[in-house]
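[1] mind folding the following:
(2 chains)
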Amino acid sequence: ETGVTQTPRHLVMGMTNKKSLKCEQHLGHNAMYWYKQSAKKPLELMFVYNFKEQTENNSVPSRFSPECPNSSHLFLHLHTLQPEDSALYLCASSRGDLVAGGGETQYFGPGTRLLVL
Amino acid sequence: AQSVTQPDIHITVSEGASLELRCNYSYGATPYLFWYVQSPGQGLQLLLKYFSGDTLVQGIKGFEAEFKRSQSSFNLRKPSVHWSDAAEYFCAVQNTGNQFYFGTGTSLTVIP
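    Predicted coordinates:
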């Protein structure tokens, strides 16, 4: 099994739908991340979970709702999205045992390509 | 605030030619620096990273990068490009927390 998997790989949804993106990591990591990748823009960090606790929420609209039931799984629940939310959503994981002065290496999944109509 | 600049949106090189992709960062303390590569329809794959020590770091697929503190740069190099290197390349910086900042990417085209 590859390190970080994401399902579905592609998703088309209407603005009134509710859907969920799933991420699973098989690396024994404790930190997980959601990123949004739009064309010609830097990757936008959305949420960070460290040991199942949310540590970062970078002013993400409430129509995006993350859930981290355990260190291996991360979900992104979507509802009443807008067309501008169409993007590639990437999940990543890292060790999560940061100490002062330490660096982390993130491992990325293949992403979910989302189209909101 | 931290930021990463990749000044070249798109670069075209001939197969076998050398390659340098530029990356400049803005960060007050010693940064943790990364280069990732993304092929179409795929996630990001780590090429190399700099945390401390030797400022010239070696990565996978024959890539290397040099950290130059005086220039706030972390440029990626490869002496001889292969057609399979065509992809999108991202430079990233991490602060001492869990915050990562990415550049807008450089798209590499390799011509035969």
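[2] OK, contacts around the residue nearest the centre of chain B?
    For chain B, B:Trp35 is the residue whose C-alpha lies nearest the centre (Cα atoms, centre = their mean; 3.7 Å). Residues near B:Trp35 by Cβ atoms under 8 Å, 6 or more residues apart in numbering or on different chains: B:21, B:23, B:46-49, B:59, B:63, B:65, B:74, B:76, B:89-92. C-beta: built from backbone N, CA, C; applies to glycine.
[3] what about chain A: which of the residues you listed touch it?
    Restricting these to those near chain A by Cβ under 8 Å from any Cβ of the partner chain leaves B:Leu46, B:Lys49, B:Phe90, B:Ala92.
[4] ramachandran angles for the residue nearest to the centre of chain B?
    phi -120, psi 130 (degrees, to the nearest 10).
[5] how about the closest residue to it other than its chain neighbours, what does it touch?
    Setting aside the residues directly before and after it, B:Trp35 is nearest to B:Leu47 in space (Cβ to Cβ, 6 or more residues apart in numbering or on different chains), at 4.4 Å. Contact partners of B:Leu47, counting by Cβ under 8 Å, 6+ apart, are B:Phe34, B:Trp35, B:Tyr36, B:Val37, B:Gly59, B:Ile60, B:Lys61, B:Phe63, B:Ala65, B:Leu76, B:Tyr89.
[6] now which of the residues you listed would you call buried?
    The neighbour count (16 or more other Cβ atoms under 10 Å in any protein chain shown) marks B:Phe34, B:Trp35, B:Tyr36, B:Val37, B:Gly59, B:Phe63, B:Ala65, B:Leu76, B:Tyr89 as buried among the contacts of B:Leu47.
[7] any idea how far the helix or strand hosting the fourth one is from the chain center?
    So that's B:Val37. According to DSSP states H and E, B:Val37 maps onto strand B:32-38. Distance, stretch centre to chain centre, for strand B:32-38: 5 Å (Cα atoms, centre = their mean, to the nearest Å).
[8] next structured bit after that strand?
    strand B:44-50.
[9] roughly how far is that following strand from the heart of the chain?
    8 Å.
[10] quick one: it to strand B:32-38, angle?
    Using axes from the mean of the first three to the mean of the last three Cα atoms, to 10 degrees, the inter-axis angle of strand B:44-50 relative to strand B:32-38 is 150 degrees.
[11] quick check: mean pLDDT of the helix or strand following strand B:44-50?
    Once the chain leaves strand B:44-50, the next helix or strand it forms, by DSSP H and E, is strand B:56-58. On average, the pLDDT along strand B:56-58 is 96.
[12] how much space between B:Leu44 and chain A?
    4 Å (Cβ to the nearest Cβ, to the nearest Å).
[13] how about B:Ala87?
    14 Å.
[14] check B:His82 too.
    22 Å.
[15] check contacts around that residue.
    B:His82 touches B:Glu15, B:Val110, counting by Cβ under 8 Å, 6+ apart.
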